[in-house]
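Trainee: My questions concern the predicted model and sequence given below.
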Amino acid sequence: MINNDKGFKDMAILQLKDFAAGKVASTGPYAGMTRQQIVQAKIDDGKPFKLGSSGTQGTVKGISFNPNPTSLEFTYEKGSGLKKERITAKITSSKANIFKDEDFGGGGGAGGGTLQTAWAESAQCVWLVACLKSPNKKRKDFSEKDLKAAYNDTRCQVGSTKFEQIISLGPDWHESGYLTAKKLIDSKLVNNNQVFHRDSTAMKQVYKNKKVAFKNSNLSELKDDKWNPGDFWAIENNFDLNKMDTSSIKAYNQELMQGFKDKKIVGISLKKVNKNAKVSILNETDERPQGLKYEKGILATDRGSFFTSKGGFIMFSGITPGISKMEIRTNSALSTHKVEIILKTARGGGAGWGIIMDIIKDVNGVSLPDNRKIILESTKIVNGDSAAINSFWEKVKDSGGYDASKKDEFVEELKLKDKIWIHGKMGVVELIYQLEKPTKKKADTIVNKINNYAGSVSDLSSVYVKVYE
């Protein structure tokens with residue numbers, strides 16, 4: 001999905017509450033500044049303002065602004081030539097209904113993040129056609145007419161996205177589209193024989209084929225973005241997707257690999273580019289990253305005891321200098337567990353319990369209990385079932401989660417916990433037990449498989465191109 005590091009947020013018109021004393025934007029290029037400061041900064045920087053609740057009622061040039069809370073008077077120009085007019089109104093009035101875009105810490109386009117994403121990804125298809133048509137043109141030389149011609153070209157297939165939506169994107173998104181297009185063309189990953197698809201019938205067929213291939217393989221199906229996170233696809237004209245081999249996911253991935261090498265079908269994942277576009281090709285071979293090392297499992301909080309928290313962590317090395325961690329937890333009471341990679345500044349993706357079960361089965365040859373079984377065992381423990389309590393204790397002890405000489409203390413503490421807590425902790429124990437029980441090599445393999453799945457480079461993921469800053 002094309003995005004910046006913080007993603008998109010829902011959009012709205014700036015309101016009085018946005019200008020409350022001490023209130024600042026938490027994201028965007030002016031993060032940490034008040035909305036009053038941002039308005040003035042946009043005027044000083046010559047950045048346009050969008051109008052309307054969806055940002056599609058036109059863009060205007062800011063002239064001046066009175067930040068006094070009782071005034072908030074905003075003067076702007078709209079139109080051009082003889083139709084140019086200057087308007088002064090309170091910034092929260094109907095005449096100056098300024099859209100809360102990314103600069104103000106809001107979203108970037110109409111309809112929220114999902115629509116904004118669709119427009120930006122569709123814009124990329126437009127820019128590719130435009131740049132292929134006019135390879136020597138600079139960004140500033142492309143007109144709206146050029147982009148409309150590219151949008152109407154048969155090589156641009158962007159589903160229901162309208163040209164008006166694409167052209168309403170801010171200049172930063174069009175700059176990203178241009179820079180990304182030039183990089184893909186220069187890297188010979190796209191060409192004039194291809195059609196660029198975003199949410200088209202052909203793109204949907206790529207993922208329908210994937211679904212069939214997984215079913216024919218008797219394997220749990222990977223989510224679309226974990227199998228191939230292509231935001232749009234470059235597919236050679238007349239390439240027949242219906243004739244691809246879907247007898248197994250391995251066969252389908254191999255066909256996509258060959259199609260990629262021949263530049264007949266290329267999935268491309270996008271990140272917003274500001275200055276310098278880079279490309280990486282992932283899953284181009286059967287090899288997958290294997291550089292991570294399992295260090296230990298933690299069945300307690302950093303400064304607490306086993307019973308302090310119902311969550312837990314997998315500690316590993318190799319992704320960044322020092323020790324990194326994956327968090328094991330549930331989203332809500334009695335829901336399925338998941339594993340999320342925790343980076344220094346953000347979460348780094350993760351895997352659901354179904355995928356974790358597949359990984360443990362593949363590496364250790366045993367079956368993790370599913371959520372239904374974990375709930376059942378948690379109920380037994382709450383009801384005082386000695387066999388269930390003893391089984392839980394043995395795995396906790398063998399995982400290094402509690403002093404082996406203090407079983408009686410453990411059982412007494414356990415009696416104070418409810419089913420929700422026990423359920424949450426049991427999933428943590430089951431997974432860490434499977435990391436502590438086998439050889440170190442197998443534990444390393446499990447950690448690498450989780451990380452690779454999170455990064456869409458699992459054993460069953462297919463080849464794709466990633467464009468980024």
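Mentor: That came through, no problem.
Trainee: Can you name every helix or strand that the helix ranked longest in the chain contacts?
Mentor: For the chain, the helix that runs over the most residues, judged by DSSP state H, is helix 113-133. The elements that helix 113-133 packs onto, with contact taken as 3 or more Cβ pairs under 8 Å, 6 or more residues apart in numbering; DSSP states H and E, are helix 144-152, strand 156-157, helix 163-167, helix 171-186, strand 194-197, strand 232-236, strand 265-270. Every residue, glycine included, has its C-beta placed from N, CA and C.
Trainee: Would you tell me which of those gets closest to Lys95?
Mentor: Nearest of those to Lys95, taken as Cβ to Cβ: helix 163-167 at 22.5 Å.
Trainee: what is the mean pLDDT for that closest one?
Mentor: Averaged over helix 163-167, pLDDT sits at 91.
Trainee: buried stuff in that helix?
Mentor: By 16 or more other Cβ atoms under 10 Å, the buried positions in helix 163-167 come out as 163, 165-167.
Trainee: Report pLDDT for Glu102.
Mentor: 77.
Trainee: repeat for Asn383
Mentor: Confidence score, pLDDT, at Asn383: 97.
Trainee: again, but for Ser324
Mentor: In this model, Ser324 is scored at 92, pLDDT.
Trainee: before we move on, the earlier item: format the helices and strands packed on helix 113-133 as JSON lines; extra columns: distance to Lys78.
Mentor: Output for the helices and strands packed on helix 113-133, formatted as JSON lines (distance: least, Cβ to Cβ, whole Å):
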{"stretch": "helix 144-152", "distance to Lys78": "17"}
{"stretch": "strand 156-157", "distance to Lys78": "30"}
{"stretch": "helix 163-167", "distance to Lys78": "16"}
{"stretch": "helix 171-186", "distance to Lys78": "17"}
{"stretch": "strand 194-197", "distance to Lys78": "33"}
{"stretch": "strand 232-236", "distance to Lys78": "33"}
{"stretch": "strand 265-270", "distance to Lys78": "32"}
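Trainee: Where among those is average confidence lowest?
Mentor: helix 163-167 has the lowest average pLDDT among the helices and strands packed on helix 113-133, namely a mean of 91.
Trainee: Show me what that helix is packed up against.
Mentor: Using 3+ Cβ pairs under 8 Å, 6+ apart, the elements in contact with helix 163-167 are helix 113-133, helix 144-152.
Trainee: Need the CA coordinates for it. PDB is fine.
Mentor: Extracted in PDB, the C-alpha atoms of helix 163-167 (Å, rounded to 0.1, in the frame of the first residue of the first chain):
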ATOM      1  CA  PHE A 163      -9.400  11.300 -13.200                       C
ATOM      2  CA  GLU A 164     -10.700  14.100 -11.100                       C
ATOM      3  CA  GLN A 165      -9.800  12.100  -8.000                       C
ATOM      4  CA  ILE A 166      -6.300  11.500  -9.200                       C
ATOM      5  CA  ILE A 167      -5.600  15.100 -10.300                       C
END
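Trainee: and that helix, how far out from the chain's middle?
Mentor: How far helix 163-167 lies from its chain's middle: 24 Å, per Cα atoms, centre = their mean, to the nearest Å.
Trainee: what does stretch 363-379 give?
Mentor: The answer for stretch 363-379 is 29 Å, by Cα atoms, centre = their mean.
Trainee: One more: stretch 221-237?
Mentor: Distance, centroid of stretch 221-237 to centroid of chain: 14 Å (Cα atoms, centre = their mean).
Trainee: What of stretch 387-402?
Mentor: 36 Å.
Trainee: buried ones in it?
Mentor: Quick answer for stretch 387-402 (16+ other Cβ under 10 Å): 388-389, 392-393, 395-397, 399, 401-402.
Trainee: most neighbours per residue, which of the helices and strands packed on helix 163-167?
Mentor: helix 113-133 (a mean of 24; mean count of other Cβ atoms under 10 Å).
Trainee: average pLDDT for that one?
Mentor: In this model, helix 113-133 has an average pLDDT of 89.
Trainee: Only C-alpha atoms, please: export it in CSV.
Mentor: Extracted in CSV, the C-alpha atoms of helix 113-133 (Å, rounded to 0.1, in the frame of the first residue of the first chain):
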residue,chain,number,x,y,z
GLY,A,113,-7.1,6.5,4.0
THR,A,114,-8.6,3.7,1.8
LEU,A,115,-9.8,6.1,-1.0
GLN,A,116,-6.6,8.2,-0.7
THR,A,117,-4.6,5.0,-1.2
ALA,A,118,-6.6,4.0,-4.3
TRP,A,119,-6.1,7.4,-5.9
ALA,A,120,-2.4,7.5,-5.2
GLU,A,121,-1.9,4.0,-6.5
SER,A,122,-4.0,4.8,-9.6
ALA,A,123,-2.0,8.0,-10.1
GLN,A,124,1.1,5.8,-10.4
CYS,A,125,-0.4,4.0,-13.4
VAL,A,126,-1.2,7.3,-15.0
TRP,A,127,2.3,8.6,-14.4
LEU,A,128,3.9,5.5,-15.9
VAL,A,129,1.9,5.8,-19.1
ALA,A,130,2.7,9.6,-19.2
CYS,A,131,6.4,9.1,-18.7
LEU,A,132,6.5,6.2,-21.3
LYS,A,133,4.8,8.5,-23.8
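Trainee: Tell me the gap between it and the middle of its chain.
Mentor: 18 Å.
Trainee: okay, how far is it across stretch 160-173, tip to tip?
Mentor: Stretch 160-173 has an end-to-end distance of 19 Å (Cα to Cα, to the nearest Å).
Trainee: and the spatially closest residue to Ser187 that is not a sequence neighbour, backbone torsions?
Mentor: Distances taken as Cβ to Cβ, 6 or more residues apart in numbering place Val279 nearest to Ser187, at 5.4 Å, with adjacent residues excluded. Main-chain dihedrals, Val279, degrees, to the nearest 10: phi -130, psi 140.
Trainee: residue contacts, Val279?
Mentor: Residues in contact with Val279, defined by Cβ atoms under 8 Å, 6 or more residues apart in numbering, are 183-184, 187, 189, 465-467.
Trainee: out of everything not next to it in sequence, what's closest to Cys125?
Mentor: Nearest to Cys125 is Phe196, by Cβ to Cβ, 6+ apart, at 3.9 Å.
Trainee: returning to what we had before: angle of the longest helix of the chain against helix 144-152?
Mentor: 100 degrees (axes from the mean of the first three to the mean of the last three Cα atoms, to 10 degrees).
Trainee: low-confidence ranges in the stretch 251-400 of the chain?
Mentor: 301-304, 344-347 (pLDDT under 70).
Trainee: which residues in it form helices?
Mentor: Assigned by DSSP state H, counting those that start in this stretch, the helices in the stretch 251-400 of the chain fall at 353-364, 371-382, 386-398.
Trainee: Ends of stretch 270-287, what's the gap?
Mentor: Terminal-residue distance, stretch 270-287 (Cα to Cα): 23 Å.
Trainee: Sort out which residues of that stretch are buried, please.
Mentor: 270-273, 277, 282-283.
Trainee: so how far is it from its chain's centroid?
Mentor: So, by Cα atoms, centre = their mean, the centroid of stretch 270-287 is 15 Å from its chain's centroid.
Trainee: Then stretch 57-71?
Mentor: With Cα atoms, centre = their mean, you get 34 Å for stretch 57-71.
Trainee: if we can go back for a sec, out of the helices and strands packed on helix 113-133, the one nearest Pro69 is which?
Mentor: Closest among the helices and strands packed on helix 113-133, using Cβ to Cβ: helix 171-186, at 30.1 Å.
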